[in-house]
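Asker: Got a sequence here, can you model it:
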Amino acid sequence: MRTFAPMKTIDCFIPYADASIVKGIVTELKASQFVKNIFLLAHSATLPQFEGCHIVYIDQLESSSTLQQVALMTKSDYTLYYNKYTPLRLGYHALERMVRTAEQNGADLVYGDRYEVKKGQTEKHQVIPFQKGSLRNDFDFGSVRLFRSSKVKEWADKYKGNNWKAAALYELTLSIDNIFYLNEFLYTEEEMDTRLSGEKQFDYVDPRNREVQIEMEKVCTEHLKRIGAYIPVDTVSDVPVENGDFKYEASVVIPVRNRVKTIEDAIMSALSQQAAFKFNIIIVDNHSTDGTTRAIQKIASYDPRVVHIIPERTDLGIGGCWDVAINSPLCGRYAIQLDSDDLYAREDTLSTIVEKFQQEHCAMVIGSYRMCDFHLRTLPPGTIDHREWTDDNGRNNALRINGLGAPRAFYTPLLRQIGFPNTSYGEDYALGLAFSRQYKIGRIYNELYLCRRWEGNSDAALSVEKVNANNYYKDSLRTIEIEARQRYMQALSAPAKPAVEFHAQQLKLWHDVAQRYEQLANVKVREVEIDDKHIRIQFNPSRIISTGSKIDANSISHRPCFLCRMNRPDEQMSQTLLGRYELLVNPFPILPQHFTIASRRHEPQSIHGHYADMLHLCEQLQGMMVFYNGPHCGASAPDHMHFQAVPRFDINPLTKHHIIRTTTIEESEAEFAKYESDESNILAWKDGDTFVTTVIPRRKHRPDCYGTDAQAYLISPGALDMAGLIITPRLEDYQRLTPKAIKDILTECGE
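Answerer: Down below sits the predicted model:
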């Protein structure tokens with residue numbers, strides 16, 4: 001005998017504002033054999049009753065209080081939630097179709113397409129599939145959602161401590177992993193918001209919605225933490241300020257196609273900028289056919305700052321045009337956006353942006369802009385400053401919102417590494433997400449830019465199909481970025497490999513460095529006795545890179561920081577330590593295992609605030625000695641905080657030094673405070689349960705005899721030299737060094 005599965009039931013929750021509207025919806029619902037209970041969500045106790053319906057008194061439709069009541073009241077297999085106050089007409093067997101789809105696919109939330117009645121006309125309104133990156137709190141699920149009731153109850157139990165006024169439905173939706181888009185027209189509703197797409201686009205940054213947005217941000221942030229895609233602020237790296245080989249400090253980049261009506265205004269806006277540095281305007285003319293090309297050529301003929309590029313390719317989007325511009329040898333250190341129909345709001349826009357780069361070591365800077373019409377009259381919502389971006393959480397909240405602001409400016413060397421997607425929508429948003437994963441983004445909340453909306457704009461009045469295509473693409477960018485962040489955070493939180501294993505793996509991949517380590521077996525070493533202490537002298541030619549390095553401020557400012565991630569060789573591996581440092585194999589070794597431990601941030605070489613980290617590193621790197629060279633005490637990268645580590649050996653300082661022995665880091669910190677100074681060399685290790693630190697004060701970086709001529713010594717003492725291991729990159733120095741010369745050099749540099 002054939003048996004059938006029991007029929008599934010639905011409890012329906014409908015907002016109650018107008019009795020006639022509710023009556024029509026209730027009639028629709030009662031016609032379905034699946035509907036078991038109907039609950040009317042009411043703000044007032046004076047509304048008329050409906051037979052067979054239950055009244056639930058609420059504050060707001062999407063509050064925690066309301067959704068908690070829904071979770072408590074629902075007793076059926078599924079919960080239908082309608083979150084609009086307008087008339088609703090269900091499609092043919094729509095509820096049955098949604099339930100059966102959920103059953104067949106194991107979905108915990110089902111939503112679908114709809115018909116909309118606008119000004120008496122019925123139109124199709126399709127939506128898009130939900131994906132991992134669909135984190136916008138304004139994602140269009142439509143007004144009818146069918147939840148598996150057990151998931152609603154799970155959410156209510158897990159988040160019962162929250163008291164959101166507007167973010168509970170968003171939180172409930174994000175708590176569900178199996179969401180199914182049923183690509184069928186399931187119902188008809190009246191649409192009261194008939195604004196154009198360009199008018200709706202910025203609702204989320206309207207100051208009147210700020211409290212709601214703060215709630216949504218908190219919900220999204222917790223979701224990112226739950227799925228392992230949250231980026232803590234202390235994992236974000238700075239980008240160093242470097243002069244480098246750039247002819248121009250900044251370039252205004254204008255991609256353009258067929259904007260004869262606006263291009264001259266844009267160019268003149270850029271040329272009117274007042275700056276103390278050299279800048280140019282790179283215009284990538286994407287084969288215009290309407291007179292735009294002639295307009296650009298006219299200005300370029302009398303102002304050499306205008307660089308007019310017509311690309312060879314004919315398949316470029318805006319992103320591809322940007323790529324052409326930034327890879328031009330004429331592109332400046334900072335590439336700054338100006339759309340072909342927009343203007344800079346001030347004559348100091350470029351200066352303000354470049355100053356932000358230099359002050360905060362940003363990889364990208366984003367400004368604020370004012371919406372205006374073609375004649376620069378302000379349009380709602382006025383100034384868009386994106387204050388939802390904060391230094392603490394902007395990089396995470398960026399995954400919830402649909403834009404980051406303008407003008408957008410990029411640090412060109414890093415931008416060239418990442419590159420633009422060849423699209424004409426969302427290309428800058430993709431970069432903002434990628435940059436913010438690892439690097440600092442600077443924000444300027446003052447108005448710098450005028451964004452003109454007119455009939456020729458690409459996003460002033462988009463069709464539903466185009467809005468869907470744009471949203472789907474940005475959701476896909478967020479999906480890509482979330483998965484990249486999940487892998488990134490997994491790598492950061494992965495247990496550190498033993499240093500020996502990490503070292504061996506690196507040498508397998510970095511052949512020229514592996515050869516230097518192999519050559520250490522043949523390095524000459526001799527020993528001398530000075531004041532009853534055994535001092536070793538090592539002849540190590542590869543160390544001439546560090547010993548002979550120029551560390552004056554001018555030289556440092558003209559070279560890329562070799563400890564910053566973006567400037568390291570592709571072969572150089574890294575392993576995160578303490579969440580704030582990266583373990584690197586030193587490419588110019590002194591001992592068979594030699595590590596550099598670089599801060600993830602580009603910050604000065606200062607022991608202040610880092611001494612406790614030094615001892616924690618001693619705990620993690622068992623058997624290793626961690627040492628610090630002050631910025632004028634042997635550090636070859638005084639602009640980037642770092643330690644080094646080598647296998648522990650007996651040290652024999654000849655000069656004044658202080659020894660700290662304690663069993664706790666707190667005790668060591670208290671004792672170290674007596675001697676703390678950047679003008680010192682510091683060596684630390686762990687001996688059983690005891691932390692041992694040796695502080696060697698310095699009064700001089702290099703001895704007077706330092707130099708490259710025949711009478712000089714090419715010796716620049718660092719921590720290991722001061723501790724009794726003298727490194728000589730020249731054979732003649734190794735051969736002629738006497739005990740007296742060694743003592744003179746070290747005592748001249750020490751105290």
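Asker: Output the longest helix belonging to this protein.
Answerer: The residue-count maximum for a helix in the chain (DSSP state H) belongs to helix 464-493.
Asker: quick one: buried residues of that helix?
Answerer: Neighbour counts over helix 464-493 (16 or more other C-beta atoms under 10 Å) mark 467-468, 470-482, 485-486, 488-489 as buried. No exception for glycine: its C-beta is placed from N, CA and C like everyone else's.
Asker: Kindly report the same for stretch 730-750.
Answerer: 730, 733-734, 737, 741-743, 745-746, 748-750.
Asker: coming back round to it: quick one: mean pLDDT for the longest helix of the chain?
Answerer: Mean pLDDT, helix 464-493: 93.
Asker: ditto for stretch 417-428
Answerer: 93.
Asker: what does stretch 519-526 give?
Answerer: Stretch 519-526 comes out at a mean pLDDT of 88.
Asker: Pull out the buried positions in it.
Answerer: 520, 523.
Asker: for it, how far is the first residue from the last?
Answerer: 17 Å (C-alpha to C-alpha, to the nearest Å).
Asker: who's in contact with it?
Answerer: 536-540, 542, 589, 591-592, 734 (C-beta atoms under 8 Å, 6 or more residues apart in numbering).
Asker: again with stretch 554-571
Answerer: With C-beta under 8 Å, 6+ apart, stretch 554-571 has contacts from 237, 239-244, 413-414, 417, 438, 509-510, 513, 550, 574, 582, 584, 587, 596, 598-600, 602, 637-640, 642.
Asker: please redo it, this time with the cut-off set to 7 Å
Answerer: Contact partners of stretch 554-571, identified using C-beta atoms under 7 Å, 6 or more residues apart in numbering, comprise 237, 239-240, 242-244, 413-414, 417, 509-510, 598, 602, 637-640, 642.
Asker: May I see the ChimeraX selection of the buried members of the residues you listed?
Answerer: Selection of buried members from the contacts of stretch 554-571 for ChimeraX, criterion 16+ other C-beta under 10 Å:
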select :237,239,240,242,413,414,510,598,602,637,638,639,640,642
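Asker: In strands only, show me the contacts of stretch 554-571.
Answerer: Within the contacts of stretch 554-571, residues falling in strands by DSSP state E are 598, 642.
Asker: Packing partners of the longest helix of the chain?
Answerer: If you count contacts as 3 or more C-beta pairs under 7 Å, 6 or more residues apart in numbering; DSSP states H and E, helix 464-493 packs onto helix 427-438.
Asker: so how far is the helix it packs on from its chain's centroid?
Answerer: 7 Å (C-alpha atoms, centre = their mean, to the nearest Å).
Asker: now it and helix 464-493, what's the angle there?
Answerer: For helix 427-438 against helix 464-493, the angle by axes from the mean of the first three to the mean of the last three C-alpha atoms, to 10 degrees is 20 degrees.
Asker: contacts for helix 427-438?
Answerer: By C-beta under 7 Å, 6+ apart, helix 427-438 touches 231, 236-237, 318-319, 322, 363-364, 394-395, 398, 403-404, 408, 410, 418, 420-421, 441, 474, 477, 481, 484-485, 488.
Asker: nearest to Tyr334, of the buried residues of stretch 730-750?
Answerer: Nearest to Tyr334, judged by C-beta to C-beta, of those is Cys749 at 40.0 Å.
Asker: Quick check: the closest one touching Asp704?
Answerer: No: contact status for Cys749 versus Asp704: not in contact, 10.0 Å apart, counting by C-beta atoms under 7 Å.
Asker: Quick one: low-confidence residue ranges for the stretch 151-300 of the chain.
Answerer: 193-208, 242-244 (pLDDT under 70).
Asker: how about the helices in it?
Answerer: 168-174, 197-200, 210-227, 263-271, 292-300 (DSSP state H, counting those that start in this stretch).
Asker: Give me whichever of those helices is most buried.
Answerer: Using mean count of other C-beta atoms under 10 Å, the stretch among those with the largest mean neighbour count is helix 168-174, at a mean of 23.
Asker: That one packs against which elements?
Answerer: On a contact count with 3+ C-beta pairs under 7 Å, 6+ apart, helix 168-174 meets helix 64-73, helix 210-227.
Asker: could you dump the last one to CSV, C-alpha only?
Answerer: Provided in CSV are the C-alpha atoms of helix 210-227 (Å, rounded to 0.1, in the frame of the first residue of the first chain):
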residue,chain,number,x,y,z
ARG,A,210,22.3,56.4,10.6
GLU,A,211,21.0,54.6,13.7
VAL,A,212,19.6,51.8,11.5
GLN,A,213,22.9,51.5,9.7
ILE,A,214,24.8,51.2,12.9
GLU,A,215,22.6,48.2,13.9
MET,A,216,23.1,46.6,10.5
GLU,A,217,26.9,47.1,10.7
LYS,A,218,27.0,45.3,14.1
VAL,A,219,24.9,42.4,12.7
CYS,A,220,27.1,42.1,9.6
THR,A,221,30.3,42.3,11.7
GLU,A,222,29.2,39.4,13.9
HIS,A,223,28.2,37.4,10.8
LEU,A,224,31.7,37.9,9.4
LYS,A,225,33.2,36.7,12.7
ARG,A,226,31.0,33.6,12.6
ILE,A,227,32.1,32.6,9.1
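Asker: Residues contacting that helix, please?
Answerer: 135, 137, 164-167, 170-171, 174, 204, 230, 388, 393, 396-397, 399-400, 486.
Asker: Going by neighbour count, which of these are buried?
Answerer: 135, 137, 164, 166-167, 170-171, 174, 204, 230, 388, 393, 396-397, 399-400, 486.
Asker: ok, back up a step: tell me how far the longest helix of the chain lies from the chain's centre.
Answerer: For helix 464-493 - counting by C-alpha atoms, centre = their mean - the centre lies 13 Å from the chain centre.
Asker: can you check stretch 690-701 too?
Answerer: For stretch 690-701, the distance to the chain centre is 37 Å (C-alpha atoms, centre = their mean).
Asker: same deal with stretch 99-106?
Answerer: 38 Å.
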